[in-house]
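1. Predicted model, plus sequence, below.
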Amino acid sequence: MRILLLGSDNSECEELRRYLFSCGEEVIFSAEKITSEKVREINPDIIISYNYRHILKEDVFLMPILGTINLHISYLPWNRGADPNFWSHLEGTPKGVTIHYINAGIDTGDIIGQELVEFSEKDTLKSSYEKLHIAIRELFKKLWPKIKSGQAPRRKQRGKGTFHLVKDKEPFLNLLSERGYDTPIEDLNKFRKTA
């Protein structure tokens, strides 16, 4: 199977790419903004988006025969868009991971599978982020045979949920000023309860 993996040059995407290679898949990776011409040239059976920073247009995500899926580190419909881990702690919304089909909205497509993820009081933004990425790759491994065969489940998202842009985090950056991503998630929980 030919896969176009859209992501970032980081260890999370590399882990997923290694897994797909181990399954015998042909993987073409790109972190660049992809065009319909490039997708037509690659001719993938499926597009997988994971940590990808660009919004896909309809002429791209509808092209592959098996569609285009996204690995998102939130429990959709909560925390669509940017910085889902941060917002789940700051706003006290469900924490988890979701694999879904991409549609014209941002993180609004039909859900293939999702799981809640629990954290301890000792977790930081960094450790919770790492746990979410481990969880989403494990969920992907469980679902990959059905996705690959075209038999993946699909269910509509229910409820309004939440959505955030990158700029929405700016008023709260002071919460990260001392320790950055080593900030304990408990600090964000305390802020929410006192705000």
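-> Ah, there it is. Just so we're clear, the structure is a prediction, and the values are computed from it rather than from any experiment.

2. Show residues contacting stretch 150-159.
-> Residues external to stretch 150-159 that are found in contact with it (CB atoms under 8 Å, 6 or more residues apart in numbering): 66, 76-77, 100-101, 108-113, 143, 146. The way it works is simple: take the backbone N, C-alpha and C, and place the C-beta from them, glycine included.

3. In this protein, which residue is most central in space?
-> Nearest to the geometric centre of the chain sits His72, at 1.8 Å (CA atoms, centre = their mean).

4. which residue sits closest to that residue, ignoring its sequence neighbours?
-> Ranked by CB to CB, 6 or more residues apart in numbering and with sequence neighbours excluded, the top spatial neighbour of His72 is Thr98, at 5.0 Å.

5. Send over the helix or strand harbouring the one you found as PDB, restricted to the C-alpha atoms.
-> Following DSSP states H and E, the helix or strand that holds Thr98 is strand 96-101. Only the C-alpha atoms of strand 96-101 are listed here, as PDB (Å, rounded to 0.1, in the frame of the first residue of the first chain):
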ATOM      1  CA  GLY A  96      -7.500  11.600  25.100                       C
ATOM      2  CA  VAL A  97      -6.700  10.800  21.500                       C
ATOM      3  CA  THR A  98      -8.800  10.500  18.300                       C
ATOM      4  CA  ILE A  99      -8.200   9.100  14.900                       C
ATOM      5  CA  HIS A 100     -10.700  10.600  12.400                       C
ATOM      6  CA  TYR A 101     -11.400  11.100   8.700                       C
END
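
6. about what we covered before: for the residue nearest to the centre of the chain, which residues are in contact?
-> In this structure, His72 makes contact with Arg80, Pro84, Val97, Thr98, Ile99, His100, Asp107, Ile136, judged by CB under 8 Å, 6+ apart.

7. Poorly predicted segments of the chain, please.
-> Per-residue confidence for the chain (pLDDT under 70) gives these ranges: 195.

8. other SSEs contacting whichever helix in it runs longest?
-> In terms of residue count, the longest helix belonging to the chain (DSSP state H) is helix 125-148. Taking 3 or more CB pairs under 8 Å, 6 or more residues apart in numbering; DSSP states H and E as contact, the helices and strands that helix 125-148 lies on are helix 11-22, strand 46-50, strand 68-72, helix 84-91, strand 96-101, strand 111-116, helix 185-194.
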